[in-house]
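> I need the structure of the sequence given here:
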Amino acid sequence: MVWLDSFQGDIVFGWRQLRKRGVVSAAAILSLALAIGACTTAFRIIDALLLRPLPIAEPERLHALFREGIGPDGNPRTSDSYEYPLFRQMRAAVKDRADLIAVSYAYSRPIDVTYGSDQEMERAYRQYVSGWMFDSFKVRPALGRLFTENDDVRPGGHPFAILSHDYWTSRFGKDAKIVGRTVRIGSELYEIIGVAEEGFTGVEPGSVTDIFLPTMMNASAIDSTETSWFRTLVWMKPGFGVEPVRDRLQAVFRAFREEQAKGFVGRPKLFIDRFLNESLSLEPAAAGVSDMQKEYRQPLAALGVLVAIVLLIACANVANVMTAHAAARSREMALRISIGAGRWRLVQLVLVEGGWIAFVSTVLGAMFAWWSAPLVAGMIDRPDYPARLSLPFDWRVLGFGLVLGLAVTFLFGLLPALRASAVKPAGALKGGQDPHSRRRLMHGLIAGQVTFCIFVLFVGGLFFATFDRLESQPTGFSAERLVTLETVAQSPQPSQYWELVGQHLRQTPGIEAVALSRWALLVGNAMNGFVSTNGAPPEEIRNHFLNVSPGWVDLMKIPFVAGRDFHASDTYPGAAIVNETFVKQHFGGLNPVGKTVRES
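Coordinates of the predicted model:
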């Protein structure tokens, strides 16, 4: 074929031109490679967290159930935590139209587990799931068997565990003898009955579950109407609409809330009204649902826009180079036209040269993205809540890179190609009829490039200023030389036991002071409720509580405005320390020392 022969010739000629302009070509390739690599890196992270469907059968049938209402601060609030007695009723109400699946929150701290003696304790990520989840998702076992509905019937009666494929591989080296072994979690022993198939690590992007347990094994919370501890996923059956299912769930939810509200004694009326007026919504969850998605959706969207602008800047830069090169080759193009070359033939010639630049840049950009995506994902890690993103370099990423490479070729190559093909032979061979025409396109591209650069610098400056302000934001306590030690026991222990542990730690060389608290500050945990002051009715402001030991306030370098620290003789309830915000809200800024506060 004539066209194929000419195309092959253009490929060879384009490569020669690239080598001939070695320094200029290298600069163009490097700038494009960094931009393409940045775009591919952003895509890998956005795809892994927000776009990639879960590795289950028909993920488009999966929805997440949310509660929408007004929060304690008076602002709209969305939540997805539920109580198991409510879950039972909702599941029964829609069983003919959908399967409801309970999954506890995986985006949390790892737990202590041991496969041998207590001296060999290690950390792993656990998740309670409904026994029928694997059957609904059609997830197959890689070894042994997976849970069934019969494994999730009686509270505390099914001490079975399933390992994820990743955890089985990294921790046990794919040891086939793992089935039948036991793992101790807290005070409970679980028999490992199987390993989930490769690729399935849970339904929460950003988290990777190591050990799956039946929901019934969370026996202390399974019958509580006050404990919300899991998400509810809705697996729609074929042929049924979302809205009828939501309406049924809403009716059950409302009735359950009304029954709960009958036991609210001493709660503010506004709180009860908001509690009863929450509504349910069903949102598509083909890509799963997690706290990290909600937390990073907007930042990742901003990141995507910024890297796209950076790519446009790089394309404008390369287009300038290509335009200047095309202008320098005007006589060559005029000669080609004179001997019979058509306009499309010249467009093809210049585009192929641009294609070489785009191809080499895309390859280098892919290598950059392969290295940088895990690095960027690691930057959003927190010591207590690490981001555990699956970042495969598969056909989705390769397809994105291919489309990006083709788009880049046309972005920076099409205008120079059209300009080169529009040359007039007579004028070009005489030196050109308009000496300024070759500069107009370049000036326009330079103006666009400078505009984009100023915008990126402006937004980057805002990000830097915001980060600097957040980093220097006062926390109200001193973290200098402070170490947080999270402690656990196989069985619940009284406060005297932990105080004894603290005394032993105080005797350790190098430790200046030790204090106890129910959890560390700024870790996301909270216990809240309403209070009444000096015997008055409960107020509508919800307050946060934290149990601490004597000496904790001093250890955290929190200054006292009035009053004193706890004494060893103080009891709970009996004594409390409040902050200035609490004093302003409940005592009008007056000295609260000696006044009484009661939890409602």
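> low pLDDT regions in the stretch 301-450 of the chain?
Residue ranges of the stretch 301-450 of the chain with pLDDT under 70: 323-350, 380-387, 412-446, 448-449.
> try it again with 80
Residues of the stretch 301-450 of the chain meeting the criterion pLDDT under 80: 315-355, 377-388, 408-450.
> can you map out the strands along it?
Counting by DSSP state E, counting those that start in this stretch, the stretch 301-450 of the chain has no strands to list.
> Poorly predicted segments of the stretch 451-600 of the chain, please.
Applying pLDDT under 80 to the stretch 451-600 of the chain picks out residues 451-474, 486-492, 522-529, 534-540, 542, 571, 600.
> Now with 90, please.
Filtered on pLDDT under 90, the stretch 451-600 of the chain yields the residue ranges 451-504, 506-508, 510, 512, 518-545, 561-563, 567-575, 581-600.
> So which residues of it form helices?
Ranges of helices within the stretch 451-600 of the chain are 495-506, 552-555, 580-587, based on DSSP state H, counting those that start in this stretch.
> any residues touching the longest one, and which ones?
Under the criterion Cβ atoms under 8 Å, 6 or more residues apart in numbering, residues 485, 487, 489, 511, 513-516, 549 lie in contact with helix 495-506. Using the backbone N, CA and C atoms, a C-beta is placed for each residue, glycine as well.
> try the shortest one
Under the contact criterion Cβ under 8 Å, 6+ apart, helix 552-555 has outside partners 482, 513-517, 560, 565-566, 577.
> With respect to Gly186, which of these is nearest?
Leu516 (20.0 Å; Cβ to Cβ).
> At which residues are the helices of the stretch 101-250 of the chain located?
Taking DSSP H, counting those that start in this stretch as the criterion, the stretch 101-250 of the chain carries its helices at 133-137, 165-172, 242-261.
> okay if I get those as TSV plus distance to Glu68, mean neighbour count and mean pLDDT?
Output for the helices of the stretch 101-250 of the chain, formatted as TSV (distance: least, Cβ to Cβ, whole Å; neighbours: other Cβ atoms under 10 Å; pLDDT from 0 to 100):
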stretch	distance to Glu68	mean neighbour count	mean pLDDT
helix 133-137	25	21	95
helix 165-172	34	17	94
helix 242-261	11	16	94
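> Select, out of these, the one closest to Ile56.
That would be, of the helices of the stretch 101-250 of the chain and by Cβ to Cβ, helix 133-137, which comes in at 3.8 Å.
> can you list contacts of that closest one?
54, 56-57, 99, 101, 103, 139, 146-149, 162, 196, 200, 235.
> Who are the contact partners of the nearest residue to Phe160 once chain neighbours are set aside?
In space, and not counting its chain neighbours, Phe160 is closest to Ile193: 4.9 Å by Cβ to Cβ, 6 or more residues apart in numbering. By Cβ under 8 Å, 6+ apart, Ile193 lies in contact with 144-146, 160-162, 179.
> From the residues you listed, which land in strands?
Residues of these located in strands (DSSP state E): 144, 160-162.
> Pull out the buried members of these.
In terms of neighbour count (16 or more other Cβ atoms under 10 Å), the buried residues within the ones in strands among the contacts of Ile193 are 144, 160-162.
> I'd like those as JSON lines, with distance to Ala447 and pLDDT appended.
Listed next are those as JSON lines, based on distance: Cβ to Cβ, whole Å; pLDDT from 0 to 100:
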{"residue": "Gly144", "distance to Ala447": "65", "pLDDT": "95"}
{"residue": "Phe160", "distance to Ala447": "67", "pLDDT": "96"}
{"residue": "Ala161", "distance to Ala447": "63", "pLDDT": "97"}
{"residue": "Ile162", "distance to Ala447": "60", "pLDDT": "97"}
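> Closest one to Gly529 out of the residues you listed, please.
Gly529 lies nearest to Ala161 out of those, by Cβ to Cβ, at 34.9 Å.
> The closest residue to that closest one other than its chain neighbours pairs with what?
What sits nearest to Ala161 in space, not counting adjacent residues and going by Cβ to Cβ, 6+ apart, is Tyr190, at 4.0 Å. Applying DSSP bridges to Tyr190 gives these bridge partners: Val183.
> Please save the CA atoms from stretch 237-254 in PDB.
C-alpha atoms of stretch 237-254 as PDB (Å, rounded to 0.1, in the frame of the first residue of the first chain):
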ATOM      1  CA  LYS A 237     -31.200  -8.100  42.900                       C
ATOM      2  CA  PRO A 238     -31.800  -8.000  39.100                       C
ATOM      3  CA  GLY A 239     -35.100  -6.300  38.000                       C
ATOM      4  CA  PHE A 240     -35.700  -4.200  41.100                       C
ATOM      5  CA  GLY A 241     -35.300  -0.400  41.300                       C
ATOM      6  CA  VAL A 242     -33.400   1.500  43.900                       C
ATOM      7  CA  GLU A 243     -36.200   3.900  45.100                       C
ATOM      8  CA  PRO A 244     -38.700   1.200  46.100                       C
ATOM      9  CA  VAL A 245     -35.900  -0.500  48.200                       C
ATOM     10  CA  ARG A 246     -35.000   2.800  49.800                       C
ATOM     11  CA  ASP A 247     -38.600   3.600  50.700                       C
ATOM     12  CA  ARG A 248     -39.000   0.200  52.500                       C
ATOM     13  CA  LEU A 249     -35.700   0.800  54.300                       C
ATOM     14  CA  GLN A 250     -36.800   4.300  55.300                       C
ATOM     15  CA  ALA A 251     -40.100   3.100  56.800                       C
ATOM     16  CA  VAL A 252     -38.200   0.500  58.900                       C
ATOM     17  CA  PHE A 253     -35.600   3.000  59.900                       C
ATOM     18  CA  ARG A 254     -38.200   5.600  61.000                       C
END
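> Residues touching that stretch, excluding its own?
Against stretch 237-254 from outside (Cβ under 8 Å, 6+ apart): 61, 63, 65, 67, 86, 89-90, 93-94, 96-99, 234, 236, 276, 278-282.
> Off-centre distance for stretch 205-222?
Relative to the centre of its chain, stretch 205-222 is centred 20 Å away, using Cα atoms, centre = their mean, to the nearest Å.
> what is the rounded mean pLDDT of that stretch?
In this model, stretch 205-222 has a mean pLDDT of 92.
> In it, which residues are buried?
Across stretch 205-222, burial judged by 16+ other Cβ under 10 Å covers 205-218, 221-222.
> need the contact list for Met121.
112-114.
> redo that, cut-off 7 Å
Contact partners of Met121, counting by Cβ atoms under 7 Å, 6 or more residues apart in numbering, are 112, 114.
> One more: Cys39?
Shown in contact with Cys39 (Cβ under 7 Å, 6+ apart): 307-308, 311, 404.
> Can you flag the buried ones in those residues?
Buried subset of these (neighbour count, 16+ other Cβ under 10 Å): 307, 311, 404.
> still on that earlier bit, any chance of the contacts of helix 552-555 in a markdown table, plus distance to Ala251 and neighbour count?
Below are the contacts of helix 552-555 laid out as a markdown table (distance: Cβ to Cβ, whole Å; neighbours: other Cβ atoms under 10 Å):
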| residue | distance to Ala251 | neighbour count |
| --- | --- | --- |
| Leu482 | 50 | 13 |
| Ala513 | 55 | 13 |
| Val514 | 53 | 19 |
| Ala515 | 49 | 15 |
| Leu516 | 46 | 19 |
| Ser517 | 42 | 14 |
| Phe560 | 52 | 10 |
| Asp565 | 52 | 16 |
| Phe566 | 48 | 18 |
| Ile577 | 45 | 17 |
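> Kindly indicate which of those lies nearest Asp80.
Using Cβ to Cβ, Ser517 comes nearest to Asp80 of the contacts of helix 552-555, at 28.0 Å.
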